[in-house]
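Colleague: below are the sequence and a predicted model for it; my questions follow.
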Amino acid sequence: MINSFLEEIPKNTSGINEMQILNLAYIGDAVFEIMVRTHIINTNKSKTDELHKTAKSYVRAEAQAEMYRRLTETLTDEEISVMRRGRNAKSQSKAKNASIAVYKYATGMEALFGYLYLRNEIARLMELFEICIQTSVTPKER
């Protein structure tokens, strides 16, 4: 279901490699959020406040930084390069509840998701999302 939804959204695939890395992270943040919410809706029949708490456990900077570390084992050189560029980007904003280092790792992961999404590499995006979901700790597991 997530896969078909993401494929149907038109994307401009030209110039992705020249795009500012924080713009990739910007769209990647939204893509990851919609993927998480869709996953939760499909697997959890809780009330909205519980759904929100569960989603936050996946999209918070600390969780995404851990996903960054787990993903590096399965990435291509090109994907690692995108994540590193995202991690090393000079951001004007900072995380509300995370260290600068953790925030930078989360930005790297979001940049990769934005990059794959805009390149229309939905199958690869779904593959990496599965790794992220499998390695995450939800509130009920804490």
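Modeller: Good, I have the coordinates.

Colleague: and R84, how far is that from M19?
Modeller: For R84, the distance to M19 (Cβ to Cβ, to the nearest Å) stands at 16 Å. C-beta: built from backbone N, CA, C; applies to glycine.

Colleague: do K96 as well
Modeller: Per Cβ to Cβ, K96 is found 26 Å from M19.

Colleague: neighbour count: these two, which is higher?
Modeller: More crowded of K96 and M19, by other Cβ atoms under 10 Å: M19, with 16 against 8.

Colleague: wait, what's in contact with that one?
Modeller: M19 sits next to L118 when contact means Cβ atoms under 8 Å, 6 or more residues apart in numbering.

Colleague: name the residues of stretch 46-54 that are buried.
Modeller: For stretch 46-54, the neighbour count (16 or more other Cβ atoms under 10 Å) marks T54 as buried.

Colleague: please apply the same query to stretch 22-35.
Modeller: Here stretch 22-35 shows 22, 24-25, 27-29, 31-32, 35 as buried, counting by 16+ other Cβ under 10 Å.

Colleague: now, those residues that are in strands?
Modeller: Using DSSP state E, no member of those falls within strands.

Colleague: now these as CSV including pLDDT and distance to L118?
Modeller: Shown next, in CSV, are these (pLDDT from 0 to 100; distance: Cβ to Cβ, whole Å):
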residue, pLDDT, distance to L118
L22, 93, 14
L24, 94, 7
A25, 94, 12
I27, 94, 7
G28, 95, 9
D29, 93, 13
V31, 95, 9
F32, 93, 13
M35, 93, 15
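
Colleague: tell me which of those is nearest to A101?
Modeller: A25 (15.7 Å; Cβ to Cβ).

Colleague: thought the closest one was touching T107?
Modeller: Yes. Taking contacts as Cβ atoms under 8 Å, A25 lies within contact range of T107: 4.9 Å.

Colleague: and for those two, which residues touch both?
Modeller: Shared contacts of A25 and T107, defined by Cβ under 8 Å, 6+ apart, comprise 86, 89.

Colleague: many thanks, have a good one.
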